[in-house]
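Asks: just a sequence and a predicted model for now, questions to come.
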Amino acid sequence: MRLRSLLERDEDVGDQAGVHVATMIRSISAVTFATSDMARAVRFYKALGFSMAYGGETGAFTSFRVGNGSLNLARADDRPPSTDTVRVIFYVDDVDAMYAQVMAQGLAVETPPRDAVWGERYFHMTDPDGHALSFARPLRGADG
C-alpha cells in the first residue's frame with residue numbers, strides 16, 4: 001500500500017502518537033549529502049545533468065536545482081563514505097534517456113532500467129560518497 005493511501009486511510013495517525021498533524025507534508029525542499037571531496041562530487045552531479053545554483057568545486061557548500069527543490073552538498077572532510085540505507089529517488093522525464101546519459105559519462109550503475117511491480121520504471125546507482133540514488137518515472141496507467 002502506498003504511503004499516501006496509508007495517510008488518507010487514517011487521518012488520526014498523528015493523534016494516536018500523541019501528536020496532532022495540522023497540515024499535510026507535500027514536498028521535500030532539499031536533500032543534503034556530506035562529501036569528503038567537493039570537486040569530485042560536483043563533477044559527478046554535473047555529469048548527471050544537475051544544474052548548479054550555488055557553490056562549486058572549491059566551495060564548502062554547493063546546491064543544485066531539482067525541480068522546486070535542491071540537492072545540496074556539504075563538505076565534511078573527516079566523514080567516511082555513506083553506508084546509510086537512505087535512497088533518494090529523482091523523477092525524470094525519460095528513464096532510458098537518463099540511463100544512456102549516465103552510461104555515456106562512464107558512470108557505474110547498480111541496475112539497468114526496469115519496470116517495477118509498484119508502477120515505476122527505474123534504475124539505481126551510487127554517488128562517489130556512497131549515497132544511494134534512483135532515477136524513476138511512473139509507468140503509464142499506474143495510479144499516482
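Replies: Yes, it's here. Numbering: from 1, shown residues only.
Asks: please make it C-alpha for all contacts and neighbour counts, starting now.
Replies: Noted.
Asks: now the host helix or strand of residue 72: buried residues?
Replies: In this assignment (DSSP states H and E), residue 72 forms part of strand 69-75. Judged by neighbour count using 16 or more other CA atoms under 10 Å, the buried positions of strand 69-75 are 70-75.
Asks: mind listing the strands for this protein?
Replies: Secondary structure of the chain by DSSP state E: the strands cover 30-35, 51-54, 61-66, 69-75, 87-91, 114-115, 120-126, 132-138.
Asks: any chance of those in CSV, with mean pLDDT too?
Replies: Shown next, in CSV, are the strands of the chain (pLDDT from 0 to 100):
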stretch, mean pLDDT
strand 30-35, 91
strand 51-54, 95
strand 61-66, 94
strand 69-75, 92
strand 87-91, 90
strand 114-115, 96
strand 120-126, 93
strand 132-138, 92
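Asks: spatially central, which residue of the chain would that be?
Replies: residue 88 (2.8 Å; CA atoms, centre = their mean).
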